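Engineer: Here is the input, now give the coordinates:
(one chain, ligands or ions: 1)
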Amino acid sequence: MKKVLFLVSLSFLSSTINAQPLVNESDVLRGSLNENRDWFDIKKYVIDVTPNYETKSIVGVVSWKALAVKPSKKIQIDLQVPMVIDSILLWPNLNDSLTPIRLQFSRSNNIALAQIDKTIPKGQQFGLTIFYHGVPKEATRPPWDGGWIWKKDNNGQPWMSVACQGLGASVWYPCKDHQSDEPEEGAVLSMQVPKDKNLIAIGNGRRIPEQKWSPNNTYNKFSWQVTNPINNYNIIPYIGDYVGWKETYKGLKGKLDISYWVLRADSAKAVEQFKQVPKMLEAFEYWFGPYPFYEDGFQMVQSPHLGMEHQSAIAYGNKFMNGYLGRDLSGSGWGLKWDFIIVHESGHEWFANNITTKDIADMWVHEGFTNYSETLFTEYFYGKKAGDEYNYGIRKNIQNDIPVIGTYGVNQEGSGDMYPKGSSLLHTIRHAINNDSLFRSILMGLNKQFYHQTVTTQEVENYISSRAGFGFQKVFDQYLRTIQIPLLSYSYNEKEKIFTYEYKDCVTGFNLPLHFSYLGKKYSFMPLDYQPQQRLIQEPNFNLQDFVKTIESQYYIRLAQVK
Ligand SMILES: [Zn+2]
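Structural biologist: I've put the predicted structure just below:
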């Protein structure tokens, strides 16, 4: 999820993007793996938080379990201002039970830097516990401008959650706020809510027994756990007057537990709309392979914002309507056949949550593939032509303002084009591979090869090329790293029936193959840049416009006739 809003906020986006993005010290500290961050690997987060609805504040304790992969230096803890760190305790060796050491720390630029006096040797597991409190940034326009969300439902009951993709989980809890380091052993999220309001607190994964240090009896405590690696921004509390129900889905890896949570007043509508969830699972397991988190189950939780891919607790706020808040982003009509948020946000369980990019500059791997999952869902239930039409429809949303890949090391995404252009690129490559079962096995293979891992775009690109048996490097360069759309320049000699073509306006060596059918006949063109090729087309009913349109509908390229 993130810039789905590109349709309605173009002016906002382009104005922020055209102004050269400013990179400040905070961005570098956040986006790079400096020496105070690269010596340790986070294994697990245990988060315990008590929100105060009236004062819009939180009090929390967060423990990290981590492994020193190099001898320790100072330790960087990300926690954005105005949150306050009260104290930091270090357990230098988790294999002994020595009393913890209280660390001295300094605070600047949304981080705390704590001094470790006695070096933790490489290979040692250590623990860190951070006590903190404060008034976290409030979300002004979640999920895009995120933070804590303090809302009331229609019955006047408090409704709280968080949206922090891009902004970062460090807006509300202290963590190593870098996408490359997921806690391999998962996370525990405990929430305390006042007993008198009868609220329920939901977290990712499965509910577990309350933790030992459960407090006084004015609070109910809810603890949840995922046992799989998870992105920091996906660990999210949902607190409100929820009602829930469950079902079991028989999937590729056996029984998958599904839980649904919605506001009391919305349960009837939700029961009807959420019938699309098993359909979504059916389609995505077909295309991508097993749902990646059977151990933690699948949950869909109504959220006070449009939606987000929170792992094993998908945020849903699409008002129980089909389309994107009732609109079809493709204009093809197919986008109204299904609920955009159920499909898109769940698609992220494979691309974003299973396969996560190390740097958000490569975020197209999340959003391009997930946008493409909408095409695949459409195709699965409504046929190939429907999927093609959906995909072609979203192409009009591409702006080609800046490249899809952003700037590395400074927590900076590329263009919002990562959604429709990423998806168009994948559809283009699929046609160029010209073998749908191979293409599907590549999608499944990606989810297997990079199962529960963090990756670079390069790894994904190389995997696709190697499995396809064709070097798509120039194609990826073209669409991800430039804003030019390649031109297939052509001419047609009617008398001699010769079609001449070559690529122009493209990166050197651009070599996208064009396989397509026209009037029942198969064509395979291998155009090159600035090297005209000719093809004799002996087809009695040949129509140049239709012929060219056929190519353009399957490949994201421009075509122009040279007279
Ligand atoms: Zn998305």
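Engineer: From the chain's centroid, how far away is stretch 553-560?
Structural biologist: The chain centroid and the centroid of stretch 553-560 are separated by 28 Å under Cα atoms, centre = their mean, to the nearest Å.
Engineer: buried ones in it?
Structural biologist: Neighbour-count burial for stretch 553-560 flags 554-557, 559 (criterion: 16 or more other Cβ atoms under 10 Å). Where C-beta positions appear, they are placed from N, C-alpha and C, glycine not excepted.
Engineer: which residue packs closest to F476, ignoring adjacent ones?
Structural biologist: Nearest non-adjacent residue to F476, counting by Cβ to Cβ, 6 or more residues apart in numbering: E461, 4.6 Å away.
Engineer: Would you verify that the one you found is located in a helix?
Structural biologist: Yes. Assessed with DSSP: H, G, I helix; E, B strand; the rest coil, E461 lies in a helix.
Engineer: if we can go back for a sec, kindly indicate which of the buried residues of stretch 553-560 lies nearest V243.
Structural biologist: Proximity to V243 was ranked across those by Cβ to Cβ; first place goes to Y556, at 44.6 Å.
Engineer: Double-check that closest one against T428; I have them as touching.
Structural biologist: Yes. If you go by Cβ atoms under 8 Å, Y556 and T428 touch, sitting 4.9 Å apart.
Engineer: can you put the buried residues of stretch 553-560 in TSV and add distance to G146 and secondary structure?
Structural biologist: As requested, the buried residues of stretch 553-560 are exported to TSV (distance: Cβ to Cβ, whole Å; DSSP: H, G, I helix; E, B strand; the rest coil):
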residue	distance to G146	secondary structure
Q554	37	helix
Y555	36	coil
Y556	31	coil
I557	37	coil
L559	41	strand
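Engineer: quick one on the thing from earlier: where do the contact lists of Y556 and T428 overlap?
Structural biologist: Y479 (Cβ atoms under 8 Å, 6 or more residues apart in numbering).
Engineer: Could I get the buried residue list for the host helix or strand of T129?
Structural biologist: Using DSSP states H and E, T129 sits within strand 125-134. By 16+ other Cβ under 10 Å, the buried positions in strand 125-134 come out as 125-130, 132-134.
Engineer: Then stretch 335-346?
Structural biologist: Applying 16+ other Cβ under 10 Å to stretch 335-346 flags 335-346 as buried.
Engineer: Looking at those residues, which is nearest V59?
Structural biologist: Comparing the buried residues of stretch 335-346 against V59 with Cβ to Cβ places E345 closest, at 29.9 Å.
Engineer: Verify the stated contact: the closest one with Q311.
Structural biologist: No. At 10.5 Å, E345 does not count as touching Q311 under the criterion of Cβ under 8 Å.
Engineer: Tell me where the stretch 101-250 of the chain has strands.
Structural biologist: Along the stretch 101-250 of the chain, counting by DSSP state E, counting those that start in this stretch, strands occupy 101-102, 105-108, 111-114, 125-134, 147-152, 158-163, 187-194, 200-202, 206-208, 219-226, 238-240, 242-251.
Engineer: Could you dump those strands into TSV with mean pLDDT and distance to N411 added?
Structural biologist: Formatted as TSV, the strands of the stretch 101-250 of the chain follow (pLDDT from 0 to 100; distance: least, Cβ to Cβ, whole Å):
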stretch	mean pLDDT	distance to N411
strand 101-102	96	30
strand 105-108	96	17
strand 111-114	98	13
strand 125-134	98	21
strand 147-152	98	16
strand 158-163	98	17
strand 187-194	95	21
strand 200-202	97	28
strand 206-208	96	31
strand 219-226	94	24
strand 238-240	98	26
strand 242-251	98	33
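Engineer: Which among those is found nearest to the ion?
Structural biologist: Nearest to the ion among the strands of the stretch 101-250 of the chain is strand 158-163; the distance by Cβ to the ion comes to 12.4 Å.
Engineer: In stretch 36-53, which residues are buried?
Structural biologist: Of all the residues in stretch 36-53, those buried under the rule 16+ other Cβ under 10 Å are 36-51, 53.
Engineer: Distance of S491 relative to K504?
Structural biologist: Note on S491: its distance to K504, by Cβ to Cβ, to the nearest Å, is 13 Å.
Engineer: cool, and I239?
Structural biologist: I239 is 57 Å from K504, by Cβ to Cβ.
Engineer: Those two: who's more crowded?
Structural biologist: A side-by-side neighbour count of I239 and K504, using other Cβ atoms under 10 Å, places I239 first with 26 against 16.
Engineer: Who does that one form a beta bridge with?
Structural biologist: M160, A201 (DSSP bridges).
Engineer: With only the CA atoms kept, save the longest helix along the chain in PDB.
Structural biologist: Identified as the longest helix of the chain according to DSSP state H is helix 364-382. In PDB, the C-alpha atoms belonging to helix 364-382 read as follows (Å, rounded to 0.1, in the frame of the first residue of the first chain):
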ATOM      1  CA  TRP A 364       8.700  -1.600  -6.800                       C
ATOM      2  CA  VAL A 365       9.300  -5.200  -5.800                       C
ATOM      3  CA  HIS A 366       6.500  -4.800  -3.300                       C
ATOM      4  CA  GLU A 367       4.200  -2.500  -5.200                       C
ATOM      5  CA  GLY A 368       4.800  -3.600  -8.800                       C
ATOM      6  CA  PHE A 369       4.300  -7.300  -8.100                       C
ATOM      7  CA  THR A 370       1.300  -6.500  -5.900                       C
ATOM      8  CA  ASN A 371      -0.300  -4.300  -8.400                       C
ATOM      9  CA  TYR A 372       0.300  -7.100 -10.900                       C
ATOM     10  CA  SER A 373      -1.500  -9.500  -8.400                       C
ATOM     11  CA  GLU A 374      -4.600  -7.500  -9.200                       C
ATOM     12  CA  THR A 375      -4.300  -8.400 -12.900                       C
ATOM     13  CA  LEU A 376      -3.600 -12.100 -11.900                       C
ATOM     14  CA  PHE A 377      -6.600 -12.200  -9.600                       C
ATOM     15  CA  THR A 378      -8.800 -10.800 -12.400                       C
ATOM     16  CA  GLU A 379      -7.400 -13.300 -14.900                       C
ATOM     17  CA  TYR A 380      -7.900 -16.200 -12.500                       C
ATOM     18  CA  PHE A 381     -11.600 -15.500 -12.100                       C
ATOM     19  CA  TYR A 382     -12.600 -13.700 -15.200                       C
END
